[in-house]
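1. after the sequence you'll find the predicted model.
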Amino acid sequence: MPLLKVSDLSVSFTQYAGGGMKKQTLQVIQDLHLSIEPGEIVAVIGSSGSGKSLLAHAIMGILPSNAAVTGKIEFDGVPLDAERQAALRGKEIALVPQSVNYLDPLMRVGRQVRSSAKGGDPAAEQRSVFERFGLSSAVERMFPFQLSGGMARRVLVSTATISGAKLIIADEPTPGLNPEAVQEALSQFKELADEGCAVLLISHDIESVLPIADKVAVFYAGTTVEVAPAADFGGDGGRLRHPYSKALWKALPQNDFMPIPGSQPSPNALPAGCLFAPRCSAATPDCTVARPEVRVLRGGTVRCIHAS
Ligand SMILES: Nc1ncnc2c1ncn2[C@@H]1O[C@H](COP(=O)(O)OP(=O)(O)OP(=O)(O)O)[C@@H](O)[C@H]1O
Ligand code: NI
């Protein structure tokens with residue numbers, strides 16, 4: 001049984017445009033599906049604005065109050081409603097945020113990390129988790145502004161680890177880190193997965209996450225166009241199922257370095273049929289009729305009527 005199962009998730013925001021007279025709906029996530037098993041690392045890949053962070057916030061239950069959510073999120077086989085989200089947040093489900101701005105600027109970091117401990121001896125647990133992630137005991141007494149980027153990231157990972165969470169959601173955990181620090185950060189997530197934790201790893205950078213990911217979910221304009229075993233990202237991309245995943249793969253410098261023409265549609269101007277059709281070289285008139293359903297194909301899933 002998956003630890004987390006997201007089905008048909010949609011998120012929209014209502015905004016008032018044109019001097020507050022006109023109401024517009026921004027459809028930011030549509031019919032999104034995703035599941036993750038204990039011990040598994042699922043990488044969520046997609047360009048800026050594709051809905052990656054909003055998915056994380058929807059699972060955590062921290063979307064802004066003007067967001068309307070439909071669909072189903074289940075954790076451990078039980079629906080994850082607002083009450084359960086509040087009860088599990090920071091305990092069974094932990095977020096490793098992108099930025100140190102999520103730390104309390106006025107509290108020493110040791111104390112912040114200890115406040116997430118679930119065991120009986122928070123001080124001992126905090127020391128052991130700091131040791132595990134190479135943070136000296138002096139760091140305990142520092143304030144967030146005194147930390148380097150790499151130290152701050154280790155503090156954030158320490159907080160998630162000490163909580164003993166079953167699901168860790170890491171939102172772009174490696175921005176601005178040098179390549180060695182990126183590898184170090186990713187190996188820490190791999191260790192947590194090896195200990196049985198499910199890890200949802202959000203990233204722009206498909207290459208760096210591939211070595212540790214089990215599955216890759218490719219996001220486009222607020223939906224999952226493909227979920228593939230990580231091993232399918234290889235060679236000329238021929239094992240991939242969706243034209244967008246293939247195009248992403250081919251766009252990498254070490255592959256064809258071919259950019260994808262056009263741009264991702266904005267949430268207030270989504271095309272009627274397949275969201276990728278306007279940019280797809282394989283699109284036919286059928287593609288513009290309706291949103292393609294999710295299909296299971298060769299051990300993955302795809303939303304494309306032509307995929308085979
Ligand atoms: N509070 C909000 N109100 C209206 N629109 C929003 C709100 N928050 C996010 N959006 C829009 O939702 C879409 C998805 O945003 P999201 O932050 O999930 O993207 P992302 O994939 O995480 O991008 P990035 O890689 O840049 O972090 C974007 O078009 C964004 O502008
Ligand atoms: Ni984001």
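-> Great, that's in hand. Ligands and ions are numbered 1, 2, ... in the order given.

2. part of a helix, is residue 207?
-> Yes. Under DSSP: H, G, I helix; E, B strand; the rest coil, residue 207 falls within a helix.

3. and the residue of the stretch 201-308 of the chain closest to ligand 1?
-> residue 267 (5.0 Å; CB to the nearest ligand atom). Backbone N, C-alpha and C define where each C-beta goes, glycine included.

4. around ligand 1, which positions in this structure sit nearby?
-> 13, 26, 28, 46, 48-54, 64, 204, 267 (CB under 6 Å from any ligand atom).

5. residue 78: neighbour count?
-> 8 (other CB atoms under 10 Å).

6. tell me which element residue 248 is part of?
-> Using DSSP states H and E, residue 248 falls within helix 243-250.

7. who's in contact with that helix?
-> 45, 206, 218, 220, 225-226, 228, 233, 236-238, 240, 255-256, 258, 260, 276, 279-282, 304, 306 (CB atoms under 8 Å, 6 or more residues apart in numbering).

8. sitting in helices, which of those residues do you find?
-> Using DSSP state H, residue 206 are the members of these that sit in helices.

9. about what we covered before: and the residue of the stretch 201-308 of the chain closest to ligand 1, which helix or strand is it part of?
-> Here residue 267 is assigned to no helix or strand, by DSSP H and E.

10. which residue packs closest to it, ignoring adjacent ones?
-> Leaving aside its sequence neighbours, residue 267 sits nearest to residue 26 (CB to CB, 6 or more residues apart in numbering; 4.1 Å).

11. hmm, residue 218 is touching residue 46, no?
-> Yes. Between residue 218 and residue 46 there is a contact under CB atoms under 8 Å: 6.4 Å.

12. please enumerate the strands of the chain.
-> With DSSP state E, the ranges of strands along the chain come out as 4-17, 22-36, 41-45, 67-75, 78-79, 93-96, 167-171, 198-203, 215-220, 223-229, 295-297, 300-302.

13. who are the packing partners of the third one?
-> When you say that, I think you mean strand 41-45. strand 22-36, helix 179-194, strand 198-203, helix 206-209, strand 215-220 (3 or more CB pairs under 8 Å, 6 or more residues apart in numbering; DSSP states H and E).

14. just the last one next, same as before
-> Other helices and strands packing on strand 300-302, by 3+ CB pairs under 8 Å, 6+ apart, are strand 223-229.

15. got the angle for the strand it packs on vs strand 215-220?
-> Calculated by axes from the mean of the first three to the mean of the last three CA atoms, to 10 degrees, strand 223-229 forms an angle of 160 degrees with strand 215-220.

16. ok, residue 29 - how many residues close by?
-> Around residue 29 there are 27 residues (other CB under 10 Å).

17. quick one, what contacts it?
-> So residue 29 contacts 9-12, 51, 54-55, 58, 222-223 (CB under 8 Å, 6+ apart).

18. which single one of the residues you listed is nearest to ligand 1?
-> residue 54 (3.5 Å).

19. how much space between the residue nearest to residue 155 when sequence neighbours are not counted and ligand 2?
-> Nearest residue to residue 155 in three dimensions, chain neighbours excluded: residue 109, at 5.1 Å (CB to CB, 6+ apart). To ligand 2, residue 109 is 24 Å away according to CB to the ion, to the nearest Å.

20. same thing with residue 113?
-> For residue 113, the distance to ligand 2 - CB to the ion - is 24 Å.

21. quick one: that residue and residue 128 touch, right?
-> No. Here residue 113 does not reach residue 128: they are 11.1 Å apart, not a contact under CB under 8 Å.

22. more neighbours: which of the two?
-> Taking other CB under 10 Å, residue 113 and residue 128 do not tie; residue 113 has more neighbours (27 against 13).

23. report the separation between that one and residue 134.
-> 14 Å (CB to CB, to the nearest Å).

24. can I get stretch 113-120 in PDB, CA atoms only?
-> Output of stretch 113-120 as PDB, limited to C-alpha atoms (Å, rounded to 0.1, in the frame of the first residue of the first chain):
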ATOM      1  CA  VAL A 113      15.600  21.400  16.200                       C
ATOM      2  CA  ARG A 114      14.900  20.000  19.700                       C
ATOM      3  CA  SER A 115      11.300  21.300  19.500                       C
ATOM      4  CA  SER A 116      10.700  18.800  16.600                       C
ATOM      5  CA  ALA A 117      12.000  15.800  18.500                       C
ATOM      6  CA  LYS A 118       9.500  13.100  19.200                       C
ATOM      7  CA  GLY A 119      11.500  11.000  21.700                       C
ATOM      8  CA  GLY A 120      12.000  11.400  25.400                       C
END
